[in-house]
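Chemist: return atomic coordinates for the entry below.
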Amino acid sequence: MDVATKYWHEIDDGRIQCDLCPRECKLREGQRGLCYVRARHDDQIVLTTYGRSSGFCVDPIEKKPLNHFLPGTPVFSFGTAGCNLACRFCQNWDISKAKQFDVLTDQASPESIVAAAQRTGCRSIAFTYNDPIIFHEYAIDTAAAARAAGVKTVAVTAGYVNDAPRREFYEHMDAANVDLKAFNDEFYHRVCAGELETVLDTLEYVAAQTEVWLEITTLLIPGHNDSTDEITEMSRWIVTNLGPDVPHHFSAFHPDFRMRDVPSTSIEDLTRARDIARENGERYVYTGNVHDPVGQTTYCHECETPLIGRDWYELGVWRIDSGGRCLQCGATCAGVFEDGPGAWGSKRLPIRLGR
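Modeler: The predicted structure is shown next:
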């Protein structure tokens, strides 16, 4: 279903400029933006994927990844199609790069998504698989319906969005995991066809001006964004500009899409990145996409007691109270916690809605 949007304006040469993200695609009638889902139709910009999804699934919240937001609980996950970046390493390229809408097999209104989340016992809904920024209106309407029903919402995003839509979007979110793909602008230009500054602006905005729980993911790609100097600079920026309590996930790259000639990330390099970030003051740093219980466990930043033990998505040790306080020394672990962990574990439950 096509839905009218508001972030656009006319320019002098008869084209319309989309103002959602820094690409600012300038379109003539019938043309689509780089994201492929926002198009000019009847002299306005419309979202062409409203109410249409590439699929629904109940996942562990840690898979987003979020380690400090309702640990162990199930999250109702969905996405649409398209993306406003062009990452050569995309792990979901069949969805994010899709230009045919046959990947959109399920149809669902915001209200039906919320009802399905409640029916399956999910505490939250995640906009994921592709970036929710490009289905801005659908995500916001779903988040508003979720909030009215007492269900939390999670954005899994690259943070590539202009200021006004950014502010509106995060008014409706409860948690976010933002990809910080590298800490050099050349990487963003060459590998993602984007720019670093906008992502840093998003991170600073979410951390300083919203109540949204924030975590960060960096996919560590051998030879591209994994140098000691770059990780050092990145981690120091995070501590200085966002604070020490924002969890940071270093995830392993696996060859895919247009970077099949690059080797997978070793667990040694993930551990090195984690060690560097911790040495520079980041309190909660994790490894991902590998089996590493040590690197995936949450530790008290004061006494180093294991607070939340993880083996992949299965939780073991739980040594915090509902306020996140360490049962050993009383120091507070930042996050959104309850009296105990959820019991969803590593299960993955595909859900079918609509026709």
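
Chemist: CA only for contacts and neighbour counts going forward, please
Modeler: OK.

Chemist: who does the most centrally placed residue in the chain form a beta bridge with?
Modeler: With distances taken as C-alpha atoms, centre = their mean, residue 156 lies nearest the centre of the chain, 1.9 Å away. Under DSSP bridges, the beta-bridge partners of residue 156 are residue 177.

Chemist: please apply the same query to residue 39.
Modeler: Going by DSSP bridges, residue 39 forms beta bridges with residue 32, residue 46.

Chemist: show me what contacts it?
Modeler: 27, 30-33, 45-48 (C-alpha atoms under 8 Å, 6 or more residues apart in numbering).

Chemist: buried only: go through the residues you listed for me.
Modeler: Taking 16 or more other C-alpha atoms under 10 Å as the criterion, what is buried in those is 27, 32-33, 45-48.

Chemist: picking up where we left off before, okay, the contacts of residue 39 in CSV with distance to residue 17 and pLDDT next?
Modeler: Listed next are these as CSV, based on distance: C-alpha to C-alpha, whole Å; pLDDT from 0 to 100:
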residue, distance to residue 17, pLDDT
27, 6, 97
30, 13, 95
31, 11, 96
32, 11, 95
33, 9, 95
45, 8, 97
46, 12, 97
47, 14, 97
48, 17, 94
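
Chemist: can you put those in CSV and add distance to residue 72?
Modeler: What follows is these, written out as CSV (distance: C-alpha to C-alpha, whole Å):
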residue, distance to residue 72
27, 45
30, 45
31, 44
32, 40
33, 38
45, 40
46, 38
47, 34
48, 35
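
Chemist: wait, which of these is closest to residue 282?
Modeler: Of all those, residue 282 sits closest to residue 33, with 37.7 Å by C-alpha to C-alpha.

Chemist: tell me the one among the contacts of residue 39 nearest to residue 19.
Modeler: Using C-alpha to C-alpha, residue 45 comes nearest to residue 19 of the contacts of residue 39, at 9.7 Å.

Chemist: how about the closest one: what's its closest non-neighbour residue?
Modeler: Leaving aside its chain neighbours, residue 45 sits nearest to residue 39 (5.4 Å; criterion: C-alpha to C-alpha, 6 or more residues apart in numbering).

Chemist: tell me how far residue 11 lies from residue 254.
Modeler: 42 Å (C-alpha to C-alpha, to the nearest Å).

Chemist: please say which of those two ends up with more neighbours.
Modeler: Comparing residue 11 with residue 254 by other C-alpha atoms under 10 Å, the one with more neighbours is residue 254, at 21 against 11.

Chemist: where does the nearest residue to the more buried one once chain neighbours are set aside sit: helix, strand or coil?
Modeler: Take residue 254 and drop its neighbours on the chain: the residue closest to it by C-alpha to C-alpha, 6+ apart is residue 264, 4.7 Å away. Three-state call for residue 264 (DSSP: H, G, I helix; E, B strand; the rest coil): coil.

Chemist: now do the contacts for residue 264.
Modeler: Contacts of residue 264 by C-alpha under 8 Å, 6+ apart are 221-222, 252-255.

Chemist: for these, give me TSV that also has pLDDT and secondary structure.
Modeler: What follows is the contacts of residue 264, written out as TSV (pLDDT from 0 to 100; DSSP: H, G, I helix; E, B strand; the rest coil):
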residue	pLDDT	secondary structure
221	95	coil
222	95	coil
252	96	strand
253	94	coil
254	88	coil
255	84	coil
